[in-house]
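In: pasted the sequence and its predicted model underneath.
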Amino acid sequence: MFTVEKVCLVVVDVQGKLATIVDESETIIANVSKLVQAMQALEVPILWLEQNPSRLGGTALEIAQHLQGEAIAKMAFSACQEETFVEAMKASGRSQFIVTGIETHICVYQTARQLKEQGFEVEVVVDAVSSRTKANKEVGLTKMQALGIAPTSTEMILYELLQHADHPQFKTILQLVK
C-alpha cells in the first residue's frame, strides 16, 4: 500500500499545445490538478517535468498555478536520464512513485519503467495520463502493467493515502474529488 510517508508524485510533461490535444485532455488536466492539490495538502513531494519547454511551452496553467518551485526541464524522454530529476528524486527520500502526465506511451512509460527498474514501487494514474491517441495510451498502460507497474485512479490513490476518514486532510481531499 502506498503511504504519505513514502510516496512522491511525478508529473510528466503536461504542457503547451500537446496538453490540449491529447485524448480526453480536459479530464487529464483536471485530474492532474486534483492530484497536485491533494499532494500539497498531504505534504507529499511533487517532482514536475517539462519536455523541451523552450519548444513545447510550460506546464498547463490549470496545473502550474498549484505548483511551487521550478519545473525540471528535460530532453530525454525518461526523467530518470536527467541528472536534475535523479538528484531531486534521491533528495525526496521516497521509495514509492505515483506517475501521471503525457504522453503515456513515451515519457510516462519510459520514466515509470526506469523507476521500476531501479527498485522503486511505481503506480500510474490511468485517469491522469494520456496520449494523442487512445490506442497509444492503452499500449503504454499495457506495457507498464506487464512490468509490474500497477494501475490506479485519481480517487483510488488519494483514498489509499488517506487510509482513514478521520485523517486531518480528509475534507480537503473530499472536496477535490467531488
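Out: In hand now; what should we look at?

In: quickly list what E123 is bridged to.
Out: I98, A150 (DSSP bridges).

In: could you shift the numbering so residue one becomes 441, and keep it that way?
Out: Noted, 441 is the first residue going forward, which turns the last one into E563.

In: show the pLDDT at it.
Out: With respect to pLDDT, E563 has a value of 98.

In: swap in Q508?
Out: So, for Q508, pLDDT stands at 89.

In: show residues contacting the helix ranked longest in the chain.
Out: In the chain, with assignment by DSSP state H, the single longest helix is helix 465-481. Contact with helix 465-481 is made by 449, 451, 454, 459, 462, 485-486, 500, 502-503, 506-508, 538, 540-542, 565, 567-570, 594, 597-598, 601, 609, 612-613, 616-617, as judged by CB atoms under 8 Å, 6 or more residues apart in numbering. Placement of C-beta: from N, CA and C, glycine included.

In: residue ranges for the strands of this protein, please.
Out: For the chain, the strands defined by DSSP state E cover 447-452, 486-491, 512-514, 536-542, 561-570, 590-592.

In: let's have those strands in a markdown table, adding mean neighbour count.
Out: Below are the strands of the chain laid out as a markdown table (neighbours: other CB atoms under 10 Å):
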| stretch | mean neighbour count |
| --- | --- |
| strand 447-452 | 26 |
| strand 486-491 | 23 |
| strand 512-514 | 19 |
| strand 536-542 | 27 |
| strand 561-570 | 25 |
| strand 590-592 | 15 |
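
In: could I get those as TSV with distance to I469?
Out: Shown next, in TSV, are these (distance: least, CB to CB, whole Å):
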stretch	distance to I469
strand 447-452	11
strand 486-491	13
strand 512-514	19
strand 536-542	10
strand 561-570	9
strand 590-592	18
